[in-house]
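Asker: no sequence on hand, only this structure:
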């Protein structure tokens with residue numbers, strides 16, 4: 001199946017709640033960074049019409065990570081914003 005790389009912009013929120021992204025089913029997140037002041041992740045996406053929701057969460061350096069998420073995180077990227085803040089982006093897996 002053909003695949004392409006998609007870009008997903010993330011809002012920077014306080015890390016207490018995940019961000020829900022609707023992506024092509026089977027997307028594999030491959031990288032992240034800062035672009036034009038936004039936190040971005042890129043995913044390798046199958047080219048089909050099936051979609052799924054994926055949960056992404058962002059933590060700043062030194063922030064507490066609740067027990068609710070600690071064992072369910074898959075690292076995607078660390079991103080430095082133009083204001084020198086550093087953000088760590090994870091996917092939250094299902095229970």
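Answerer: Cool, the structure landed. Quick caveat: nothing in here was measured; it's all calculated off a predicted structure. Numbers count the residues shown, from 1 in each chain.
Asker: ranges for the helices of the protein?
Answerer: Defined through DSSP state H, the helices belonging to the chain, from first to last, are 67-70.
Asker: okay, which residue is most central for it?
Answerer: Per CA atoms, centre = their mean, the C-alpha nearest to the average position across the chain is that of residue 56, at 4.3 Å.
Asker: could you find the closest non-adjacent residue to that residue?
Answerer: Taking CB to CB, 6 or more residues apart in numbering, and ignoring the residues beside it in sequence, residue 56 has residue 19 as its nearest neighbour in space, at 4.7 Å. C-beta: built from backbone N, CA, C; applies to glycine.
Asker: I'd like to know how far the residue nearest to the centre of the chain sits from residue 23.
Answerer: Distance of residue 56 to residue 23, computed by CB to CB, to the nearest Å: 10 Å.
Asker: give me the neighbour count for residue 27.
Answerer: When neighbours are defined as other CB atoms under 10 Å, residue 27 has 19 of them.
Asker: what sits against it?
Answerer: Taking CB atoms under 8 Å, 6 or more residues apart in numbering, we find residue 27 in contact with 6, 43-46, 52, 54.
Asker: one more pass at 10 Å, please.
Answerer: Taking CB atoms under 10 Å, 6 or more residues apart in numbering as the definition of contact, the neighbours of residue 27 are 3, 6, 8, 21, 42-46, 51-52, 54.
Asker: what's the distance between the helix or strand of the chain with the lowest mean pLDDT and the middle of its chain?
Answerer: The helix or strand with the lowest mean pLDDT-type score in the chain, counting by mean pLDDT, DSSP states H and E, is helix 67-70 (a mean of 86). With CA atoms, centre = their mean, to the nearest Å as the basis, the distance from the averaged C-alpha position of helix 67-70 to the chain average is 16 Å.
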